[in-house]
Structure formats: C-alpha cells, structure tokens
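**Q** no FASTA, just this:
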Ligand code: SAH
Ligand code: MG
C-alpha cells in the first residue's frame, strides 16, 4: 500500500518545491553552507562532528561520515524526503542523495570512491582552527561511556560495552573500534530513538554493498538483519549494532553523553510492551500489571490509559491514536434507567473527533458534561494511515475523559494479551477482540508488529526452578503460581474487598535453590492500588485476598520472563551469572498496610450508626428468630459478612449455605467461617457450605430452605438477570421467607449532600462523586421505591407469595424513605405443597468450594 507520509499532518512539504530540480538546488546550497568556514563555529549537531573530526589523524583529519550529515541536519534530511518519500521509512536512502550532492560540489568537498565520507577540500583558515583549540583545551580527560552491544544473532545476548572516548579523538572512531571496523567512516547511524531530545542511536558497520554504488537512487543495504536493533529504531539495521546515547546537540559545543546500561536497555525493551509503560510509571516491574478496568480517576495509580496508549503508538512508530467521543445528552437526570436502556433511547447528538485527546475538559465543556453521558471510540492507524485497530465500547460514562481512558484501556488490554503470547492463533485473537469490542485488520496489524515475536520471545531464560504445586486446605483458590505461602501476624479482620484501595509494602528477591544467595530486585514501602482491577500480578492479588491489615505474606514464584528481571536490577552482570549458573525463583514478601473501603462502604460506615451492613444483619436475625428457621441460604453471600455475623447471635439455625460467583470473595468467606466455626463451641450450626455458582441458575441443593437472604446483590446484576433471579428463587427454590435488599435510589441525594468524599480526591473528582448516579461503580442499576415495589409485588403475585416492604437507614415515614430498601417475601401455604418441596429436577449448577460439619468438626476444600 502506498504511503501518504506527506499528508500525515495535513502539510505537504513538497509543495514548496514544484519542480524536481529545486530540491536538488536547495540540497547543494545547504551542503555548501554546512562545509563553510562560518558554520564550523556555530552550535549545531553537525558542526560538533566537524570540529571533532579535525582531531582525527592523517587522511582522516576533517573527514565526516556521510551518515552523520544525513542524520544531524534536519533541513538536509527533509530535502532528501522530498526527493524520495521512502527516506522517511528508510533513512539510509538519504545517503545516496548526500553522496551525489557532495560529488557535485567537487570544488569545495571531496569524496573518496568506496568510502561513505565527506571532507572539506581546502583546510579551514588557521585563525578559526586556533579558536577551536582554545575552546577544547579544558577537557583533557578521556571519557568512559556505557553502551550496549546488540548482536544480530538472536542466540547471543546483549552485552554491556564501555566506549573509551579520547579527549582528542572522535567518538565515532571509538564506536567503530567496538564494531570491529577501521574507523568512523564505515559506521552508519540510525535515527534517534526514545524521547524527543534523545541522542540514543544504533550504530552499525556499513555493509560492503553500501560502499559500491552510491550514485544509484537507492543505496542497497544488505546483510543479516539485526532484529532487536531494527525493532528499537523502526528502520532496518544489519549486522551487530551498538546502542549508545552520545552525540553533539543544539545545546552546547561539548559532546553530550549518557550511559546506557543493560538495565536501561531492558527498560526500553519492556516500555515497548503495552503493559510496560504502566509498570515503569509505577516503578513496579515485577509487581504491577496493567489493570483490566478503569473505575475512577481517583482510584487509578500510574500513567493514565490514554497516555500509555499514545506512548505505545509512538514507540511502535504508529500514528497518534484517534479518539472520537459521542455525547449522549441526558434528558431526565433523576431517572434511574439502566445504562443499557439509555444507550438505546438516546441518539447520537454530537460527535467530536481529535487525536491524542488534546483540547478537552475545558471549563465550558465541564458544564455540558454534567448533563450528558459519553461514549468513546478509538482508532489506531499506521504511519501510512492504514487502519490497524478500532475499538468502540458500548459503555457510557459521565465524563468524556473516563470514556477515553476506558476505550484506551480496552485496546491496551487486548494488545497486552497478544504480547503475552505472540504466537497466539488468529482465532483466539479474534475472540479476545470480540469480547473487548475491538475490530482489528490482521494484514495491517501483523505488518505493524512484525518484529515483536522475534524480539520479545527470545530473551534468554536462565534456569528457573519448577516449583511444586500446592493445594491449601483452608483456602479454596490460591493461584497455582504461588508456592510455599506463609501468612504471618494476627488476623485483624480488616480485609480487602473488590474496589478497596490497598496500600502494601513489598519486596521481591531472586533466590537460588538452597536459598544460599538472595538478591533484592525490587522493593516498595508504600504501593497503593485498587483491588480487583488486576493492577498487580494475579498471584499477588490472590494472596492479598487472604490477608488482613497488619499481616505479612511470604511466598515463592517461578521466574518471570528474563527481560523483567533485568529491567528491575542495576546489577545486571551479577544477576545474569546467577540466572545462568543456578536454579532460581523469586521470593515475595508483602505486608498489607491499610485498606480504604470503596465509597459505598465508607459511606455506610460513616453515616449510619450502627453501620448499614450491621443493620441489615440485625434485620435478618430478627426474622430468623421469629420464624424459628433452622436452615438459611444467603444468595450472593460475597465474603460472608452476613453468615459470619449471624454466628455472633444465638439463633435456631442448624444449616447455613452461601452462594456467590466471586471466587475471591468465597475464599475469604471460607477463611472467616472456618476460623469462627472451629473456635466456637456453643454454636447450634451443624453444617455450613459455600457454593460457587450463579444465583440465576437452578440447583436442587438450594431448594426448600426456611429462609433465604439476598442482601445488596440484585443491583450488581443486569436488570433482566435480577428479574430472572426473582423468578427462580420464588418458583423453584421456594424458601418460606426471602429477604431482598437493594439501595433506594431516592436516598442518594442525602448521601451526596453529606459530600463524604475522599479528601485526597482532586476537585475535579469531587464534582464527579457529587454527581455520581450510583453508590458503587459495580451497580448496574439502583431502583426508586416505586420501581422496587412494582418488581416485588408482581413477583410475589406470580409465585404465590405475599410481600411486605421495609428497610434500614432512614425511615419509612420521612422522605426519601430508607437508605436500603427491603422486601420480605412470605410463601403462602398451599394445600398441595409440602414443607420440603419435592423437586424432580436434580440439576447441580453450583460447585461446593468449602464445607464444614460439626459431627467431625472438620472442613474440607475441594
Ligand atoms: N451479600 C453480601 C455481598 C453483596 S456484594 C453483603 O451484603 O455483604 C454483591 C455480591 O453479589 C458480590 O459478591 C457478587 O459477586 C455477587 N453476585 C453478583 N451477581 C451474582 C450472581 N449472578 N450470582 C451469584 N452472586 C452474584
Ligand atoms: Mg451493592
């Protein structure tokens, strides 16, 4: 496909030069100036090279590599691009223009056949040379610069090299020496890589073919492709290469240089991965992971998804991502229709498109935003404007920035999956794309990421220890990657839940098999992140679900890809020798410092006394006592807060059961119930079971209970699912009593008025949480009293139940009613219905994850 490079920014530089002769004339003029006497004293990247080459010995004195001219003078290289637009993609093509221009200037410069260098014909006047000598006399010491050697063979590892730059020498001669060629005139320089002002380039020996015929339009470079080096600079590099950050700049006449250690090399490498910039921005390469959800700006730590995506595109030489936000005006703000409905009823009123999300969130726009909702679409193009990826999520957001970040995150998450397994079959890639509302164009996509698979999968692995898999008895779901987990310290009972903000301290060390050598790789005294969003590697998150504040955990893990380890340590040599000579694994130490509850829980604890959750438990206990219930099932039991609290009250309960779809919550519940049941001797409970399953699926083991509870659960499901649960519960499970609680949407104004916001939240966020529609970001809907009454009344009528309404927090008589509204369904006694309902259907859709029996006082995990 043809590359419309010139049109990329809407400017066509060729327009200034209507005929082909004109850019040639301009090129000759520019070259004449670059080799003029006056230019030598200017501060310019190229004049720096000129001055330094005057110190070269013999014939080489004043001889400048042609590659330097093409790389250092932007005006000249732009002219080359006009003569041949392919120069943009392959800057080495500029070499032939440079050499041909020089050949035409035979009066003032000399080129030697078979040599890619240019030299001024007549020496500079001695006055000028003397001036230069004076300027450099104060720096007589040699300079040592760290660089890395990147062999073209992927079997060989990248090695550190030290460039010894003589005070009276030319730095490119030092690089030439490391590349095994006679002098700088045989060295080619890549474009600068990395940040804007970077002097980091790849240097390699010009292949023989380049020397032969530079008069042709195309300089044919041949040789073994250096995949790693080419991947970094986005242009083809042949043979072994040296990556160094060194050169002359616009800032000073002195040589600029910066060390590139192996660590910096590996950091650059991982910054090219979709999750890399997130890990680097958090300084947590071994612990952080790109989160899979963006809930709020105030909960997000590290670079924002949009910035990460933009930087990813720049890194891979793609165009800036194009975001288009769609504004859906809200006509009736007080309504509590679900997002889904709204997206159907509201049309596309306004569509704004801009690159890189710039120019948004102005004061004016904010006021518009408060009355509307946003959806965002992202498109990723190659530099040639070929469409690569398109993502149009359905979700809508109160703020356009949130919509942009979420769409960006979806693209990043998908790319991240691809980078984790670059040999992934297209079908799987397609499947993941569908899930994330992504469309990708395989031909363009694979072209854009052609070199990734050779670079990211071939890092030398070292000897990793195969850790034995463990099965923990009390804890149903421990990641299989975690080994010899040991949690120390008293259980404070303050535990993280999804959406809590956690603060941990941790350290990660590389240890050898017998633990003889232990080397610290990464540590952090205060690392904050949002639980349940995948913001840390999943084994770490799974360990944290089992901890309470104040506890510390110790565990081992298999080695991650080597590039991560080398990017997190500055002792590359020591680590590499450990990795290659010994069997190693990583030891993690983590302490849970504090847990900040999600806004809903913070609010329930601070504004109600006793806290709303406690009031719900007391409400349930009252019904259990009245009804003399002996069996109870808690639908959507979460981390078991109700089951746990019930054990503190004397009741007639003998059997308690919890069902939830969250494995993490269930493992917490199992832990809590286990410790309580095994220490309480006076309990009436004979059996306790936790099931992993959806409460919208039938399972005969949930039938015929005395009492069922479903507290603050239905609003976490889509409305149709909530209705389905109601029908299944009353039609099939048929408990004698079913208690359902859910937030009262009308009460939210009171909660907002109290403006209980996190003091750390920025002012921008404050307006956000005040206009927050729902109490919790996971809520799919919140009903008004009328909506709840209608649902419950119709449901009860359909299934021969009576229903009564009540609530906790606030009061029934004062507006706007209870904070949590409750419906109590009571089964009407039907003559044909036995107490224990006989159900023919013996389907089992739930899985037992934990079970406890008082008979043998033992529990078991499956
Ligand atoms: N009842 C608990 C937890 C409420 S949070 C308490 O009052 O503390 C809501 C819970 O509903 C979460 O644990 C979530 O995992 C669970 N949930 C959501 N959809 C579900 C479904 N379809 N089946 C079972 N549990 C579900
Ligand atoms: Mg809730």
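**A** Looks like it came in fine. Only a predicted model underlies this, so the values are computations on that prediction, with no experimental measurement involved. Residues are numbered from 1 along each chain as shown. Ligands and ions are numbered 1, 2, ... in the order given.
**Q** in stretch 440-450, which residues are buried?
**A** Buried residues in stretch 440-450, counted by 16 or more other Cβ atoms under 10 Å: 440-441, 444-445, 448-449. For the C-beta atoms, the positions are set from N, CA and C on the backbone; glycine is no exception.
**Q** give me the distance from it to the chain's centre.
**A** Distance of stretch 440-450 from its chain centroid, counting by Cα atoms, centre = their mean, to the nearest Å, is 21 Å.
**Q** mean confidence for it?
**A** Computed over stretch 440-450, the mean pLDDT rounds to 94.
**Q** show residues contacting it.
**A** Stretch 440-450 has contacts (Cβ atoms under 8 Å, 6 or more residues apart in numbering) with 316, 318, 382, 386-390, 418, 426, 429, 433.
**Q** give me the neighbour count for residue 142.
**A** By other Cβ atoms under 10 Å, 12 other residues sit near residue 142.
**Q** that one and residue 177, how far apart?
**A** 14 Å (Cβ to Cβ, to the nearest Å).
**Q** nearest to residue 153 among the contacts of stretch 440-450?
**A** Nearest to residue 153, judged by Cβ to Cβ, of those is residue 316 at 23.8 Å.
**Q** and the gap between the nearest residue to the closest one once chain neighbours are set aside and residue 188?
**A** Leaving aside its sequence neighbours, residue 316 sits nearest to residue 448 (Cβ to Cβ, 6 or more residues apart in numbering; 6.5 Å). Distance, residue 448 to residue 188, using Cβ to Cβ: 25 Å.
**Q** quick check: the residue of this structure nearest ligand 1.
**A** residue 638 (2.8 Å; Cβ to the nearest ligand atom).
**Q** return the residues in contact with the nearest residue to that residue once chain neighbours are set aside.
**A** Excluding the flanking residues, the one nearest residue 638 by Cβ to Cβ, 6+ apart is residue 665, at 4.7 Å. Counting by Cβ under 8 Å, 6+ apart, residue 665 touches 497-498, 637-640.
**Q** take these and write them to a markdown table, including distance to residue 69.
**A** Shown next, in a markdown table, are the contacts of residue 665 (distance: Cβ to Cβ, whole Å):
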| residue | distance to residue 69 |
| --- | --- |
| 497 | 63 |
| 498 | 59 |
| 637 | 73 |
| 638 | 68 |
| 639 | 67 |
| 640 | 72 |
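**Q** including pLDDT, secondary structure and neighbour count, could those go into JSON lines?
**A** Below are those laid out as JSON lines (pLDDT from 0 to 100; DSSP: H, G, I helix; E, B strand; the rest coil; neighbours: other Cβ atoms under 10 Å):
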{"residue": "497", "pLDDT": "81", "secondary structure": "coil", "neighbour count": "19"}
{"residue": "498", "pLDDT": "79", "secondary structure": "coil", "neighbour count": "17"}
{"residue": "637", "pLDDT": "97", "secondary structure": "coil", "neighbour count": "28"}
{"residue": "638", "pLDDT": "93", "secondary structure": "coil", "neighbour count": "22"}
{"residue": "639", "pLDDT": "89", "secondary structure": "coil", "neighbour count": "24"}
{"residue": "640", "pLDDT": "93", "secondary structure": "coil", "neighbour count": "26"}
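**Q** elements contacting the helix or strand harbouring residue 32?
**A** Per DSSP states H and E, residue 32 falls inside helix 21-34. Contact analysis of helix 21-34 by 3 or more Cβ pairs under 8 Å, 6 or more residues apart in numbering; DSSP states H and E lists helix 74-83, helix 94-104 as its packing neighbours.
**Q** in that helix, which residues are buried?
**A** Buried residues in helix 21-34 (16+ other Cβ under 10 Å): 23-24, 26-28, 30-31, 34.
**Q** beyond it, next helix or strand please.
**A** Next along the chain from helix 21-34, counting by DSSP H and E, comes helix 37-40.
**Q** buried set for that next one?
**A** So for helix 37-40, counting by 16+ other Cβ under 10 Å, buried means residue 40.
**Q** so that it lines up with my notes, have the first residue be 42 from now on.
**A** Okay, using 42 as the starting number, the last item reads as helix 78-81.
**Q** tell me which helix or strand comes right after it.
**A** That would be, after helix 78-81 and using DSSP H and E, helix 86-94.
**Q** and that next one, how far from the chain's centre?
**A** Counting by Cα atoms, centre = their mean, helix 86-94 comes out at 43 Å from the chain centroid.
**Q** what about that helix, average pLDDT?
**A** For helix 86-94, mean pLDDT rounds to 94.
**Q** can you list the strands that the helix or strand following that helix pairs with?
**A** Where DSSP H and E defines the elements, the next helix or strand beyond helix 86-94 is strand 104-106. Take DSSP bridges as the rule and strand 104-106 pairs in its sheet with strand 158-161 (antiparallel).
**Q** tell me how far the strand it pairs with is from the chain's mean position?
**A** Here the centre of strand 158-161 is set off from its chain's centre by 49 Å, with Cα atoms, centre = their mean.
**Q** right, and the helices and strands packed on helix 62-75 - which one's nearest residue 591?
**A** helix 115-124 (58.7 Å).
**Q** which stretch of helix or strand covers residue 732?
**A** Going by DSSP H and E, residue 732 is in strand 728-733.
**Q** what packs against that strand?
**A** strand 696-701, helix 704-720, strand 888-894.
**Q** ranking these by burial, who's on top?
**A** strand 696-701 (a mean of 24; mean count of other Cβ atoms under 10 Å).
**Q** any bit of that strand sitting next to ligand 1?
**A** Yes. Using Cβ under 6 Å from any ligand atom, strand 696-701 comes into contact with ligand 1 via 700-701.
**Q** ok, residues contacting that strand?
**A** 671-679, 681, 684, 687, 707, 710, 726-734, 736, 742-743, 746, 887.
**Q** which of these count as buried?
**A** Neighbour-count burial (16+ other Cβ under 10 Å) applied to the contacts of strand 696-701 gives 671-679, 681, 684, 687, 707, 710, 726, 729-734, 736, 742-743, 746, 887.
**Q** quick one: name the residues of this structure near ligand 1.
**A** Checking the chain against ligand 1 by Cβ under 6 Å from any ligand atom, the hits are 677-679, 682-683, 700-703, 706, 735-737, 752-754, 757-758.
**Q** one more time with 8 Å
**A** Listed as neighbours of ligand 1 in the chain under the rule Cβ under 8 Å from any ligand atom: 539, 654, 657, 675-680, 682-683, 700-703, 706, 734-737, 750-754, 757-758, 762, 766, 782, 819.
**Q** and the contacts of residue 706, which is closest to residue 840?
**A** Residue 840 has its nearest neighbour among these in residue 678, at 22.8 Å by Cβ to Cβ.
**Q** in space, what's closest to the closest one - neighbours in sequence excluded?
**A** In space, and not counting its chain neighbours, residue 678 is closest to residue 699: 3.2 Å by Cβ to Cβ, 6+ apart.
**Q** if that neighbour is in a bridge, with which residues?
**A** Taking DSSP bridges as the rule, residue 699 bridges to residue 675, residue 731.
**Q** and if you look at residue 191?
**A** On the basis of DSSP bridges, residue 191 is bridged to residue 282.
**Q** and it, how many residues sit next to it?
**A** 25.
**Q** next one: residue 159
**A** So residue 159, with other Cβ under 10 Å, has 27 neighbours.
**Q** apart from its chain neighbours, what residue comes closest to it?
**A** Nearest-residue entry for residue 159: residue 143, 4.8 Å, with adjacent residues in sequence omitted and distances by Cβ to Cβ, 6+ apart.
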